[in-house]
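# Sequence and predicted structure below; questions after.
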Amino acid sequence: MAASDAVDHYAVLGVATSAPAAEIRRAYLRLAREHHPDFHEAGDDAARSANEREMQRINQAWTVLGDPARRSAYDLRRRAPQPDADGRPRPEPARYDFVPYDDEDIDIDYASLIDDAVEGTGVPRWTQLVPVALVLGGIAILVLGVMINLSPLLSLGVVMAVLGVLGFLASPAIAISRSRSAESRR
């Protein structure tokens, strides 16, 4: 955060972070009437000086929170991870926008490939689901082959299961290679 953000502007005005703009304005006006130096001219210099400093803090908070664009930027900076005492940044919270597969077909052009590399893996759904189908189908055919004691079904089941396992191993490699090739074309 910047030096001006070291102060919690919401705490200065005494409002919640979710307070609407009208409530922030009312809090600012109430505090401005209470701490404005012109209303404390009769007091001693120390009290007047303290009210001037407090009024500067209140005006700074109002400058940030009174403008919707500045307030949203301030809120974003407040939510950003702050470094720990040793200067290393804190880990970011988990993100829930991960998409495990894309709904695109395999015949995509280069422009959509670049977009897919930014938004997802760039690998169509069917290529990620084929290994699952092969393993499950292989196990089912293997069980059927054992039940009716037919060796061609046993061998077909083993081949399908092995191809499915190889597909599981190859799927991440395909996704990584496609995202790298899309990044290199940028």
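It's in. Numbers count the residues shown, from 1 in each chain.
# Give me the domain ranges for the protein.
The record's domain parsing of the chain by automatic domain parsing lists 3-79, 110-184.
# okay if I get the ones you listed as JSON lines plus mean neighbour count?
In short, each C-beta sits where N, CA and C put it, glycine included. Converted to JSON lines, the domains of the chain look like this (neighbours: other C-beta atoms under 10 Å):
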{"stretch": "domain 3-79", "mean neighbour count": "14"}
{"stretch": "domain 110-184", "mean neighbour count": "15"}
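# Could you tell me the least trusted of these?
Note on those: domain 110-184 shows the lowest mean pLDDT, a mean of 78.
# That one: how far from the chain's middle?
Distance of domain 110-184 from the chain centroid (C-alpha atoms, centre = their mean, to the nearest Å) equals 30 Å.
# Then stretch 15-34?
Put simply, stretch 15-34 sits 30 Å off its chain's centre (C-alpha atoms, centre = their mean).
# which residues sit against it?
Stretch 15-34 is touched from outside by 10, 13-14, 39, 55, 58-59, 61-62, 65-66, 68, 75, 78, with contacts defined as C-beta atoms under 8 Å, 6 or more residues apart in numbering.
# Which of the residues you listed sits closest to residue 127?
Using C-beta to C-beta, the shortest approach to residue 127 within these belongs to residue 75, at 41.1 Å.
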